[in-house]
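Q: here is the input, now give the coordinates:
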Amino acid sequence: MIANLVQLAAEEEQNPLVPPGPELLVGAIAFAIVFFFFWKKLLPNINKVLEERREAIEGGIEKAEAAQTEAQSVLEQYKAQLAEARHEAARLRQEAQEQGATLIAEMRAEGQRQREEIVAAGHAQIEADRKAAAQSLRQDVGQLATDLAGKLVGESLEDHARQSRTIDRFLDELEEKAEAAR
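A: Model prediction:
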């Protein structure tokens, strides 16, 4: 048998690039079977996986774009709220400064009013004390003058009404001379 094969091989000169016919037929049938198997079984699964992957990627991109749009919207809202908060803070600060200035002015006016009341009360008290001292002094001087006049004359000047008139007249004359000297 080997000899027959060798003899057949020697009779036909074969091209090494072209396979023999039966091998070509068996290879074509095997290729068709493998191709049919791939086409019916693997290709739909691969296409299904690829389609799911494509949808997941597109969905992820859409979600990312939606999230980016939402984030941009939230950022714009945040910036608007921040600007509004800054504006409100500036308004409140200005309002507080105005209230502080008003309060300071009110406190100064109140302090001035109280100072004027205290000064007026002090002047009134001084005037009342001066009048009381003058009255007390007038009585003491009158009494001393009466006592002295009684000792000089040698008799008591007991008439109280006359004594009082004389003393008042004398002191009034002294006061007029003092005022005229000013």
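
Q: longest helix anywhere in the chain?
A: Longest helix in the chain by number of residues, with DSSP state H as the criterion: helix 43-153.

Q: number of nearby residues for residue 118?
A: Residue 118 has 10 neighbours, counted by other Cβ atoms under 10 Å. Every C-beta, even on glycine, is put in place using the N, C-alpha and C of the backbone.

Q: so, low pLDDT: which residues of this protein?
A: Applying pLDDT under 70 to the chain flags the ranges 1-16, 149-150, 152-163, 182.

Q: now with 90?
A: 1-25, 27, 34-35, 37-47, 54-67, 130-182 (pLDDT under 90).

Q: would you point out which residue is most central in this protein?
A: The residue lying closest to the centre of the chain (Cα atoms, centre = their mean) is residue 89, at 5.3 Å.

Q: if we can go back for a sec, with only the CA atoms kept, save the helix or strand that comes right after the longest helix of the chain in CSV.
A: Sequence order places helix 160-181 as the next helix or strand after helix 43-153, per DSSP states H and E. Below are the C-alpha coordinates for helix 160-181, written out as CSV (Å, rounded to 0.1, in the frame of the first residue of the first chain):
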residue,chain,number,x,y,z
HIS,A,160,-40.0,141.6,117.6
ALA,A,161,-41.9,143.2,114.8
ARG,A,162,-39.9,146.4,115.1
GLN,A,163,-36.7,144.5,115.4
SER,A,164,-37.4,142.5,112.3
ARG,A,165,-38.3,145.6,110.2
THR,A,166,-35.1,147.4,111.3
ILE,A,167,-33.0,144.4,110.5
ASP,A,168,-34.6,143.9,107.1
ARG,A,169,-34.2,147.5,106.2
PHE,A,170,-30.5,147.5,107.2
LEU,A,171,-29.7,144.3,105.3
ASP,A,172,-31.6,145.5,102.2
GLU,A,173,-29.5,148.6,102.2
LEU,A,174,-26.3,146.5,102.4
GLU,A,175,-27.5,144.3,99.5
GLU,A,176,-28.2,147.4,97.3
LYS,A,177,-24.8,148.8,98.1
ALA,A,178,-23.2,145.4,97.2
GLU,A,179,-25.1,145.2,93.9
ALA,A,180,-24.2,148.7,93.0
ALA,A,181,-20.5,148.0,93.6
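
Q: packing partners for helix 160-181?
A: helix 43-153 (3 or more Cβ pairs under 8 Å, 6 or more residues apart in numbering; DSSP states H and E).

Q: name the SS class of residue 17, please.
A: Three-state assignment for residue 17 (DSSP: H, G, I helix; E, B strand; the rest coil): coil.

Q: make 49 the first number, not 1, from now on.
A: Let's use 49 as the start, then, which means that last one is residue 65.
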